[in-house]
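>>> output the structure for:
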Amino acid sequence: MINKEECSRIISQYYKEIYNYCYSRLSFDKQSAEDCAQEVFVTFFSKREKLSDEAIRLWLYRTADNIIKAYLRSRDQNTVSLEDSPEAENIAADSPFPDENESLLDILSDEEMNILRVYYDSAYGDKKAAAKSLGLSLPALYQRIHKIKLKLKSGQDK
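Below you'll find the model as predicted:
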C-alpha cells in the first residue's frame, strides 16, 4: 500500500497537470474536469504497486484519456457508438486511424522516447541538468524536443 507522503508527493507533482489536460479535453468544463482528474488518481492509487516511477506520468495521461472517453460516452447517451453501427464496419478497414492498441508514440525511436521521458520528468528549472544527462546542450535539447513534436504532429495528421 502506498504511504501518505508518497501519495501527497504524486498528487502535488501531477494533479494540476492532469486536471488541466482534462479541463481542455472536456471543453473547459471545471466540474467535469475535476471529476475525471479525481477518478484518474483514484484509479492510479489502486494500481500503484504495478507501476515504476518512470511510467507514472504516461500512465496518468493514458488513464485520463480512457476516463474522459468513458465520461463523454456516459454523458451523452443519445449517441450511437461506431461499434454498434453496421455502416462503420464497411469503412473500418480503410480507416486512417491507428488500431486502439497502437499509440502515436509508437512512431518514435527508443532514443526519442528517452529524450521525451527525461525532458518531461525534469522540473522546469532542471532542464539544463536533463540536457546534461542526455549529453546535449540546453539549446540542442530544445531543438530535439521540437523535432520530436513535429514528428508526432505529422504522424497525427496521417
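>>> average pLDDT across the helix ranked longest in the chain?
The helix that spans the most residues within the chain, counting by DSSP state H, is helix 4-25. The pLDDT scores in helix 4-25 average 90.
>>> any idea how far that helix is from the chain center?
The offset between the C-alpha centroid of helix 4-25 and the centroid of the whole chain comes to 12 Å, using C-alpha atoms, centre = their mean, to the nearest Å.
>>> center of this structure - which residue?
Of all residues in the chain, the one closest to the mean position by C-alpha atoms, centre = their mean is Tyr61, 2.8 Å from it.
>>> how close does Ser154 sit to Gln31?
Using C-beta to C-beta, to the nearest Å, one obtains 36 Å as the distance from Ser154 to Gln31. Just so you know, the C-beta spots here come from the backbone N, C-alpha and C atoms, and that holds for glycine as well.
>>> low-confidence ranges, this structure, go.
Of all residues in the chain, those with pLDDT under 70 make up the ranges 1-2, 76-102, 124-125, 156-158.
>>> which residues does Ile67 contact?
Applying C-beta atoms under 8 Å, 6 or more residues apart in numbering, one finds that Ile67 lies in contact with Cys22, Cys36, Glu39, Val40, Thr43.
>>> which ones among those residues map onto helices?
In this view, these that belong to helices under DSSP H are Cys22, Cys36, Glu39, Val40, Thr43.
>>> now name the helix or strand holding Gln143.
Taking DSSP states H and E as the definition, Gln143 sits inside helix 138-157.
>>> repeat that for Leu116.
Counting by DSSP H and E, the element that carries Leu116 is helix 110-121.
>>> next SSE after that helix?
Using DSSP H and E, the helix or strand that directly follows helix 110-121 along the chain is helix 127-133.
>>> residues touching the closest residue to Ile115 other than its chain neighbours, list them.
Leaving aside its chain neighbours, Ile115 sits nearest to Arg144 (5.5 Å; criterion: C-beta to C-beta, 6 or more residues apart in numbering). Under the criterion of C-beta under 8 Å, 6+ apart, the contact list for Arg144 reads Glu112, Ile115, Leu136.
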